[in-house]
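In: Everything below, folded, please.
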Amino acid sequence: MSVRNFLLNIGALSLDDLQALHSGGVTLSIPDSAVEAIRASHAIVAKAAAGSAAVYGVNTGFGKLANQRISNAELDTLQLNLIRSHSVGVGEPLAPAVVRLMLALKAASLARGYSGVRETVVDTLLAVYNAGLTPYVPSQGSVGASGDLAPLAHMTLALIGEGEMLEDGKRIPAAAAMAKAGIAPLRLAAKEGLALINGTQTSAALALHALFSFEPVLESALVIGALTVDAARGSDGPFDPRIHAVRGQPGQIDVAQYYRALLAGSEIRHSHEEDDDRVQDPYCLRCQPQVVGACLDQLRHAALVLLREANAVTDNPLVFADTHEMISGGNFHAEPVALAADAMAVAIAEVGAIAERRIAMLIDGSVSRLPPFLTSNAGLNSGFMIAHVTAASLASENKSLAHPASVDSLPTSANQEDHVSMATFAARRLQAMIANTAHILGIELLASAQGVDFLRPLKSSAALEEAHGLLRAACLTIMTDRYLAPDIERATQLVRNGALSRVFRSIPGLPALWIPV
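Out: Next up is the predicted model:
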């Protein structure tokens, strides 16, 4: 894989930038202006460390122990103990793409020059990222306030050579991995441990990971939803732009345009424009712009929130070199990420929920006017009967997972940290929901393609025929009952791996899925 140089646009990273950081294959550096800002803020911390006044995070304890004064001789030990004591995470390790984002986002945040760390801290973060090293970070243990303390502590523990790295899925000593890469372990100075573990970089990285993971699934949902319209010989009238213009919801307007483009030129649609006694289609067909468009609006809002958070400074206290001040605040509280992740959860669940309803419609011959359960010899064959049951179970599971995490706050640190965001779980649970929705869509893809096969020799639009062909290259038409689980997995791969996304993106003139910023 080729590697390209990537200069971090400190404080102004775009979504495209974040996707590149998430994917890897880049070598990171920071501009000279950032180096100047880092040095200026560190000078303030160095002065405070040498002084006699109590400064939180520099010469005091942490959390409930903030009133405990630490001697100057023990300041470095204070930071080291902080990392060791806070490395208490449990559960499966975070995915390498998430950890890559954590490293990059933390480096970008510290490089803004409001955290008081030395250049070597940022340099070490960048060196570990650039070497392709993945700190071992357990996925559970953060409540998303006072920063993502446990996961960021595990990341930092690796940077100082005491933790572990993941290599080919196995845990190895971080010191050995860093030595092999020619990276010296970081030795923490005043405030640096606190700056590294205070912040929302884990929850933000998890939420961005979900946003990027769901993008091809959402694009696939649009393609598959359009294919189902044709399979059910539905009308494209509900996608008329005038309907959506008078409501004015931007996501709805865009989704209606997506469907018009996907269905353009369909022979199946033209075949029933006249002499069709049906007056209106079920909601799962004609209300797709209203439902999926509302989901798109929520996801676009979440993307903007996460973009701001990715560029933010979220540790504490903050250093303002221009006025020579250090001010304690609460930017580490991840409520913006928690609420964005909860909105994403509802949107992901709803995309799956309406897809499940479309499957139910297709297998109901009284509504779709297709053979019952999409099989030619219903009774002897069960067709898609139980495949729909699987989709229903996944949609129901997503309903439970969509419960907002942000409303569940448990006080910690002896009530010093008495309201927390639960942002880390809010974002982490999105991967399970995306997997569920992708499987529902995989089942719908099989069902809609089967429906179209019953309408041959009529053809759908060029785009939808391409999507149909992709599926048929992986899964043959279901003539009689057979082992369907492998077909579902292959169809779901098309949903997740970008194959259907490329069909969607090949249509010229469509509005961007995410709003450019």
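In: show me where the stretch 301-450 of the chain has strands.
Out: In the stretch 301-450 of the chain, the strands defined using DSSP state E, counting those that start in this stretch lie at 318-320, 325-327.
In: low-confidence ranges in the chain?
Out: Applying pLDDT under 70 to the chain flags residues 1-2, 516-517.
In: Any idea which residue is closest to the centre of it?
Out: Geometric centre of the chain, nearest residue: residue 210, 1.6 Å, by Cα atoms, centre = their mean.
In: if you compare the strands of the stretch 301-450 of the chain, which one is most tucked away?
Out: Most buried of those by mean neighbour count (mean count of other Cβ atoms under 10 Å) is strand 318-320; its value is a mean of 20. All C-beta spots, glycine's among them, are computed from the backbone N, C-alpha and C.
In: Can you name every helix or strand that it contacts?
Out: In terms of contacts (3 or more Cβ pairs under 8 Å, 6 or more residues apart in numbering; DSSP states H and E), strand 318-320 is packed against helix 32-50, strand 325-327.
In: circling back: next, give phi and psi for the residue nearest to the centre of the chain.
Out: Per-residue torsions, residue 210: phi -70, psi -40 (degrees, to the nearest 10).
In: Over to residue 139?
Out: Taking degrees, to the nearest 10 as the convention, residue 139 sits at phi -80, psi -20.
In: Check residue 5 too.
Out: Torsion angles, degrees, to the nearest 10, at residue 5: phi -70, psi 140.
In: Could you list which residues are in contact with it?
Out: 26, 27, 29 (Cβ atoms under 8 Å, 6 or more residues apart in numbering).
In: The helices and strands packed on strand 318-320 into JSON lines, with extra columns for distance to residue 378?
Out: Putting those into JSON lines (distance: least, Cβ to Cβ, whole Å) gives the following:
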{"stretch": "helix 32-50", "distance to residue 378": "67"}
{"stretch": "strand 325-327", "distance to residue 378": "71"}
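In: Nearest to residue 454, out of these?
Out: Among the helices and strands packed on strand 318-320, the nearest to residue 454 by Cβ to Cβ is helix 32-50 (61.1 Å).
In: Return the closest one as CSV; C-alpha atoms alone will do.
Out: Taking Å, rounded to 0.1, in the frame of the first residue of the first chain, the C-alpha atoms of helix 32-50 are listed here in CSV:
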residue,chain,number,x,y,z
ASP,A,32,5.6,24.9,12.0
SER,A,33,2.9,27.2,13.4
ALA,A,34,1.6,24.4,15.6
VAL,A,35,5.1,23.8,17.0
GLU,A,36,5.3,27.5,18.0
ALA,A,37,1.9,27.2,19.8
ILE,A,38,3.0,24.0,21.6
ARG,A,39,6.1,25.7,22.9
ALA,A,40,4.3,28.8,24.1
SER,A,41,1.7,26.8,26.1
HIS,A,42,4.4,24.5,27.5
ALA,A,43,6.3,27.5,28.8
ILE,A,44,3.3,28.4,31.0
VAL,A,45,3.1,24.9,32.4
ALA,A,46,6.8,24.8,33.1
LYS,A,47,6.6,28.0,35.0
ALA,A,48,3.7,26.8,37.0
ALA,A,49,5.5,23.5,37.8
ALA,A,50,8.5,25.5,39.2
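In: for that helix, packing partners?
Out: Judged by 3+ Cβ pairs under 8 Å, 6+ apart, the packing partners of helix 32-50 are helix 119-130, strand 318-320, strand 325-327.
In: So which of these is nearest residue 350?
Out: helix 119-130 (35.4 Å).
In: before we move on, back to that, quick one: closest of the helices and strands packed on strand 318-320 to residue 236.
Out: Of the helices and strands packed on strand 318-320, nearest to residue 236 by Cβ to Cβ is helix 32-50, at 51.8 Å.
In: Which residues does that closest one contact?
Out: Identification of contacts with helix 32-50 by Cβ under 8 Å, 6+ apart yields 8, 10, 55, 58-59, 72, 75, 110-119, 122, 189-191, 319, 321, 324-326.
In: and the direction of that helix versus that of helix 119-130, what angle?
Out: Orientation of helix 32-50 against helix 119-130 (axes from the mean of the first three to the mean of the last three Cα atoms, to 10 degrees) gives an angle of 130 degrees.
In: And the helix or strand following helix 32-50, what's buried?
Out: Counting by DSSP states H and E, the next helix or strand C-terminal to helix 32-50 is helix 75-86. Within helix 75-86, the residues scored as buried using 16 or more other Cβ atoms under 10 Å are 75, 76, 78, 79, 80, 81, 82, 83, 84, 86.
In: ditto for stretch 120-132
Out: For stretch 120-132, a neighbour-count test (16+ other Cβ under 10 Å) marks 121, 122, 123, 124, 125, 126, 127, 128, 129, 130, 131 as buried.
In: cool, and stretch 131-141?
Out: In stretch 131-141, counting by 16+ other Cβ under 10 Å, buried: 131, 133, 134, 135, 136, 137, 138, 139, 141.
In: Do me a favour and get the end-to-end distance for it?
Out: End-to-end distance of stretch 131-141 (Cα to Cα, to the nearest Å): 27 Å.
In: Can you pull out the residues in contact with that stretch?
Out: The contact list for stretch 131-141, computed with Cβ under 8 Å, 6+ apart, reads 24, 88-94, 96, 98-100, 102-103, 128, 150-151, 154-155, 157-159, 163-167, 171, 174, 177-178, 181, 183, 202, 425, 428.
In: cool, stretch 106-117 as well?
Out: Stretch 106-117 has contacts (Cβ under 8 Å, 6+ apart) with 8, 10-11, 13, 28, 30, 34, 36-38, 40-42, 44-45, 121-122, 125-126, 129, 152, 155, 190-192, 195-196, 199, 201, 310-315, 318-321, 326.
In: try stretch 366-379
Out: Residues outside stretch 366-379 that contact it (Cβ under 8 Å, 6+ apart) are 231-233, 282, 361-365, 381-385, 447, 450-451, 454, 478-481.
In: now with 7 Å?
Out: 232-233, 282, 361-363, 365, 381-385, 447, 450-451, 454 (Cβ atoms under 7 Å, 6 or more residues apart in numbering).
In: re earlier: and the residue nearest to the centre of the chain, how far from residue 204?
Out: 11 Å (Cβ to Cβ, to the nearest Å).
In: Same check on residue 239?
Out: Separation of residue 239 from residue 204 (Cβ to Cβ): 36 Å.
In: Repeat that for residue 297.
Out: 21 Å.
In: ditto for residue 283
Out: Counting by Cβ to Cβ, the separation of residue 283 from residue 204 is 36 Å.
In: Show me which of those two is the more surrounded one.
Out: Applying other Cβ atoms under 10 Å to residue 283 and residue 204 shows that residue 204 carries more neighbours, namely 33 against 14.
In: my guess is the more buried one is in a helix, correct?
Out: Yes - according to DSSP: H, G, I helix; E, B strand; the rest coil, residue 204 belongs to a helix.
In: which ones are touching it?
Out: 105, 306, 309, 310, 337.
In: 6 Å instead?
Out: By Cβ atoms under 6 Å, 6 or more residues apart in numbering, the contact set of residue 204 is 309, 310, 337.
In: The first one and residue 80, how far apart?
Out: With the distance defined as Cβ to Cβ, residue 309 ends up 28 Å from residue 80.
In: what comes up buried for stretch 39-57?
Out: Neighbour-count burial for stretch 39-57 flags 40, 41, 42, 44, 45, 46, 48, 49, 55, 56, 57 (criterion: 16+ other Cβ under 10 Å).
In: nearest to residue 394, of those residues?
Out: Distances from residue 394 to the buried residues of stretch 39-57, taken by Cβ to Cβ, are shortest for residue 57, at 45.3 Å.
In: residue contacts, that closest one?
Out: 191, 194, 317.
In: Swap in 8 Å and give it another go.
Out: Counting by Cβ under 8 Å, 6+ apart, residue 57 makes contact with 191, 194, 195, 316, 317.
In: One more: residue 284?
Out: 354, 357, 358, 360, 361.
In: Please apply the same query to residue 295.
Out: Counting by Cβ under 8 Å, 6+ apart, residue 295 has contacts 218, 251, 346, 347, 348, 350, 351.
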